[in-house]
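1. I need the structure of the sequence given here:
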Amino acid sequence: MLTPYHHKLCTTEDTEDRRSRASCLRVPSVLRRGECISRLRIALLVIALPVVLLAQSRRPDTPPPPLANFEVFERPILQLQDAMRAGEVTSRGLVELYRARIAAYDREGPRLNAIIALNPKALEQADAFDRERAAGRIRGPLHGIPIVVKDNYETVEMPTAAGSLALGSFQTTTDAFQVTRLREAGAVIVGKTNMHELASGITTISSVGGQTRNPYDLARNPGGSSGGTGAAIAANFAAAGMGSDTCGSIRIPASHNNLVGLRGTRGLASGRGIVPLSHTQDIGGPLARTLTDLAIMLDATVGSDAQDAVTARSNGHIPRSYRDALQTGGLKGARIGVLRSLFGSVAEDNEAGDIVRKALDGMKERGAELVDVSVPGLDDLLRDSGVINHEFKFDLLDYLAARPGAPVRSLDEMLKLGLYDDSMERSLDTRNKVEKRDSDDYRRALIKRDALRNAVVSAMEDQRVIALAYPTMRRKPALLGEAQPGTNCSLSANSGLPALSANAGLTDDGLPIGIEWLGREWSESDLLKVAYDWEQRSPRLAPFSTPPLVNGKRPAPATWERTTEYLRARFTWDEPTAELTYDVTVTGVRGDDVRLVALQRGDSDSQKGDAFRGVLFRIVEPGSLHGSGKVVLRYPFRQELTRGDLYLRVYTREHPLGATRVAIVPPHDRDRTSGKEVR
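-> Model prediction:
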């Protein structure tokens, strides 16, 4: 059982006190019975609690009212730029609009819990970019565009906790290199996103932020470790966002949230100022809703950093703009290798595998040439070629040693003080037990990585393919609290080769499945080229849980009533949470004559009117005349509700096969503010 946490944003909007901002963190609301907590941990919480309460008491009750005549929902970056250029909206207005969405959907409604902190300087920074625009200075396509960054990126306005309670008060005086580049390009950082604690997992749960939910299914995880960024961008909390990838932490959230995400060639982008997991596998990069947005973010963030030696490898390999690769027809004549061995070998892998296979057939229809490719000895080369366990403890030690203001000095100290989410104990303890930086196992892993890269490139050369294709994940997002199986993250992460994930399609229950393309070193433009052509065939579907706002607020629930010979029923439908509340009374019969009132799927187009499928929910039990409660409708039942294909059916002693059916379609023409049906 996980320790519950207050799901409150860590923001000090109206205070300029650096120390107060640095101490702003989340505090456990409930502790396990009998849990032993060190005196130092108690002291940390006691010190932080008044600051948290002060920050929350000063936060405005409601965000500034957004512009009623402009909508940011699913707007790509270039459309936002056009709107600012035309005077339809300002950068300040965009920040307000995105913050209104965060207020509506992150802490209320579906409660995605994707945002860990808001930037108290965001409006001020947006105003500065608006003044530059008024003066005729436009820095580029990111000028005035709101974005979010993962909580392991250093930012001067907000703490950098990396999702860990141990670093909840850690405030830096400098930005991460890529954050600096984004600011120089004109981006406004709206806030920071939740992540799997210390980037050490793929389901996005942390002791600072709690559990982030998937906006496509609130009972499932959003991927990780950059799942907060993934959920935030899918939910339109910003135009685009930044994550980091050590073994899939950009590509997995892209797959789970119907986004695009790129892990670049090792050395493409600087990791300076990102809390490390593994210095030889870490790389920061963007997540976005479209490939054009992804390319714009790449243009702003990649390149050499004099203080990060590995980025010198990128010199001479970065194009004028990655947007140049985004042209229709990119799949025509492209020879793509299908890496069948990464599709999985058990029945549970077929759901995702079939969706990716269907996507590959669609690429073939657009002119791609598909060939099966095998890499000799791939399973053995992947096994034990990752170095996270070898490097993490010591990389974190070096990072903290270089930052005297950090509240803890080592992973060992974090563990002894209990400053971590309980679910992290086993993995962190395993990584803390590594005794030395250099070992025979570590050296063998590094040698294997080179062998893996050489084998993959050799197979690509032999088959003359531009990229290898396979599922990003062999399984759909797991339910909250369960382990997430099925990752193919190691091939790119361990070889150092670039990989791009995009949406392949949806499962029958409405969950996104990603396809990944892997290329040679510095072939990011080739990957963008084929993915962009696929994007034209496979447009993005936004999640159900975060629709456009209505008058600056989330849509109000719809309430309506139905009365028939046998029923009086009242319903309330809340679209963002998919909750259907009902209060049903059976009339015209005695209670002991009632066998059941059921919610069932039907066919509104059936001419007979009696085409039904099985019982979904029991609404009124046998022998009773009344039933009330709440059910959560999952895909495709949500679509069937709005189409009018969900019904109540009354079963009685006299009518054992069903006495009547009542469609429960919510009213489409209603006052969205009040939720009342308009007649």
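2. pull the distance from the lengthiest helix in the chain to the chain's centre.
-> As assigned by DSSP state H, the longest helix anywhere in the chain is helix 440-463. Chain-centre distance of helix 440-463: 31 Å, with C-alpha atoms, centre = their mean, to the nearest Å.
3. could you give me the average pLDDT of it?
-> For helix 440-463, mean pLDDT is 97.
4. residues of it that come out buried?
-> By 16 or more other C-beta atoms under 10 Å, the buried positions in helix 440-463 come out as 442, 445, 448-449, 452-453, 455-457, 459-460. Yep, even glycine has a C-beta here, placed from its N, CA and C like the rest.
5. and if you look at stretch 245-259?
-> 245-259.
6. check these and tell me the two furthest apart.
-> Pairwise distances across the buried residues of stretch 245-259 peak at 22.6 Å for 246 and 258 (criterion: C-beta to C-beta).
7. filter the buried residues of stretch 245-259 down to the ones in helices?
-> 251-256.
8. for the residue nearest to residue 634 when sequence neighbours are not counted, give me its contacts.
-> Once flanking residues are discounted, residue 634 sits nearest to residue 509: 6.0 Å by C-beta to C-beta, 6 or more residues apart in numbering. Neighbouring residues of residue 509 by C-beta atoms under 8 Å, 6 or more residues apart in numbering: 217, 476, 634-636.
9. what do you get for residue 190?
-> Applying C-beta under 8 Å, 6+ apart, the residues near residue 190 are 95, 98-99, 102, 118-119, 122, 146-148, 237-238.
10. any chance of the ones in helices among the buried residues of stretch 245-259 in JSON lines, with pLDDT and distance to residue 562 too?
-> As requested, these are exported to JSON lines (pLDDT from 0 to 100; distance: C-beta to C-beta, whole Å):
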{"residue": "251", "pLDDT": "98", "distance to residue 562": "47"}
{"residue": "252", "pLDDT": "98", "distance to residue 562": "44"}
{"residue": "253", "pLDDT": "98", "distance to residue 562": "41"}
{"residue": "254", "pLDDT": "98", "distance to residue 562": "42"}
{"residue": "255", "pLDDT": "98", "distance to residue 562": "41"}
{"residue": "256", "pLDDT": "98", "distance to residue 562": "37"}
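11. got these as a markdown table, with distance to residue 318 columns?
-> Converted to a markdown table, those look like this (distance: C-beta to C-beta, whole Å):
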| residue | distance to residue 318 |
| --- | --- |
| 251 | 21 |
| 252 | 26 |
| 253 | 25 |
| 254 | 22 |
| 255 | 26 |
| 256 | 29 |
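12. shaky segments in the stretch 201-350 of the chain?
-> In the predicted model, the stretch 201-350 of the chain carries no residue with pLDDT under 70.
13. where along it do the strands fall?
-> Taking DSSP state E, counting those that start in this stretch as the criterion, the stretch 201-350 of the chain carries its strands at 205-206, 210-211, 240-245, 260-263, 283-288, 335-338.
14. would you turn those into CSV with distance to residue 641?
-> Below are the strands of the stretch 201-350 of the chain laid out as CSV (distance: least, C-beta to C-beta, whole Å):
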stretch, distance to residue 641
strand 205-206, 31
strand 210-211, 27
strand 240-245, 32
strand 260-263, 31
strand 283-288, 31
strand 335-338, 39
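15. which among these is found nearest to residue 413?
-> Here strand 205-206 is closest among the strands of the stretch 201-350 of the chain (C-beta to C-beta), at 17.7 Å.
16. and the closest one, which strands flank it?
-> strand 210-211 (antiparallel) (DSSP bridges).
17. in the stretch 151-300 of the chain, which spans are helices?
-> Taking DSSP state H, counting those that start in this stretch to define them, one finds helices in the stretch 151-300 of the chain at 177-184, 227-234, 251-256, 291-301.
18. between the second one and helix 291-301, how big is the angle?
-> Pointing back at helix 227-234 there. 130 degrees (axes from the mean of the first three to the mean of the last three C-alpha atoms, to 10 degrees).
19. list the buried residues in helix 227-234.
-> 227-234.
20. one step back: pick the one among the ones in helices among the buried residues of stretch 245-259 closest to residue 364.
-> residue 255 (21.4 Å).
21. contacting residues around that closest one?
-> So, once contact is read as C-beta under 8 Å, 6+ apart, residue 255 ends up touching 223, 472-473, 501, 503, 512-514, 516.
22. and for residue 304?
-> 270, 311-312, 314-315.
23. buried only: go through the contacts of residue 190 for me.
-> Buried among the contacts of residue 190 by 16+ other C-beta under 10 Å: 95, 98-99, 102, 118-119, 122, 146-148, 237-238.
24. out of these, who's nearest residue 626?
-> When the buried ones among the contacts of residue 190 are compared against residue 626 (criterion: C-beta to C-beta), the nearest one is residue 102, at 39.8 Å.
25. shouldn't the closest one be in contact with residue 119?
-> No. With contacts counted by C-beta atoms under 8 Å, residue 102 stays clear of residue 119, the gap being 11.4 Å.
26. how's the chain carved up into domains?
-> Domains of the chain are assigned by automatic domain parsing as 18-537, 558-663.
27. out of those, which is the most enclosed?
-> When the domains of the chain are scored by mean count of other C-beta atoms under 10 Å, the highest mean neighbour count falls to domain 18-537 (a mean of 21).
28. ramachandran angles for residue 568?
-> Main-chain torsions, residue 568, degrees, to the nearest 10: phi -120, psi 120.
29. which ones are touching the closest residue to it other than its chain neighbours?
-> For residue 568, ignoring the flanking residues on the chain, the nearest one in space by C-beta to C-beta, 6+ apart is residue 585 at 4.7 Å. For residue 585, the contacting residues are 567-569, 625-626, by C-beta under 8 Å, 6+ apart.
30. rewinding a little: quick one, grab the pLDDT at the residue nearest to residue 634.
-> Looking at residue 509, its pLDDT stands at 95.
31. in this structure residue 340 contacts residue 378, no?
-> No. Using C-beta under 8 Å, residue 340 is not in contact with residue 378; the gap is 10.8 Å.
32. so residue 656 is in which element?
-> Using DSSP states H and E, residue 656 sits in no helix or strand.
33. that one touches residue 596, doesn't it?
-> No. Counting by C-beta under 8 Å, residue 656 does not reach residue 596; the two are 9.8 Å apart.
34. confidence score at residue 565?
-> 89.
35. go on, residue 3?
-> Looking at residue 3, the pLDDT reads 34.
36. what of the one 5 residues further on?
-> In the prediction, the pLDDT value recorded for residue 8 is 39.
37. check residue 516 too.
-> 98.
38. and if you look at the one 4 residues further on?
-> At residue 520 the predicted local confidence, pLDDT, stands at 98.
39. now do it against residue 154, distance only.
-> 32 Å (C-beta to C-beta, to the nearest Å).
40. and residue 398, by the same measure?
-> For residue 398, the distance to residue 154 - C-beta to C-beta - is 15 Å.
41. one more: residue 433?
-> For residue 433, the distance to residue 154 - C-beta to C-beta - is 28 Å.
42. now residue 436
-> 28 Å.
43. try residue 212
-> 21 Å.
44. residues touching the residue nearest the centre of the chain, list them.
-> Nearest to the mean C-alpha position of the chain, by C-alpha atoms, centre = their mean, lies residue 230 at 2.2 Å. Shown in contact with residue 230 (C-beta under 8 Å, 6+ apart): 222-223, 241, 243, 253-254, 256-257, 259, 261, 287.
45. residue 353: which of those is nearest?
-> residue 256 (16.3 Å).
46. format the domains of the chain as TSV; extra columns: distance to residue 552.
-> Converted to TSV, those look like this (distance: least, C-beta to C-beta, whole Å):
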stretch	distance to residue 552
domain 18-537	5
domain 558-663	15
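47. list the contacts of the residue nearest to residue 245 when sequence neighbours are not counted.
-> What sits nearest to residue 245 in space, not counting adjacent residues and going by C-beta to C-beta, 6+ apart, is residue 263, at 4.3 Å. Residue 263 makes contacts with 245, 250-251, 283, 285, 492-493, 498-500, as judged by C-beta under 8 Å, 6+ apart.
48. the same query, at a cut-off of 7 Å, please.
-> Contact partners of residue 263, counting by C-beta atoms under 7 Å, 6 or more residues apart in numbering, are 245, 250-251, 283, 285, 492, 498-499.
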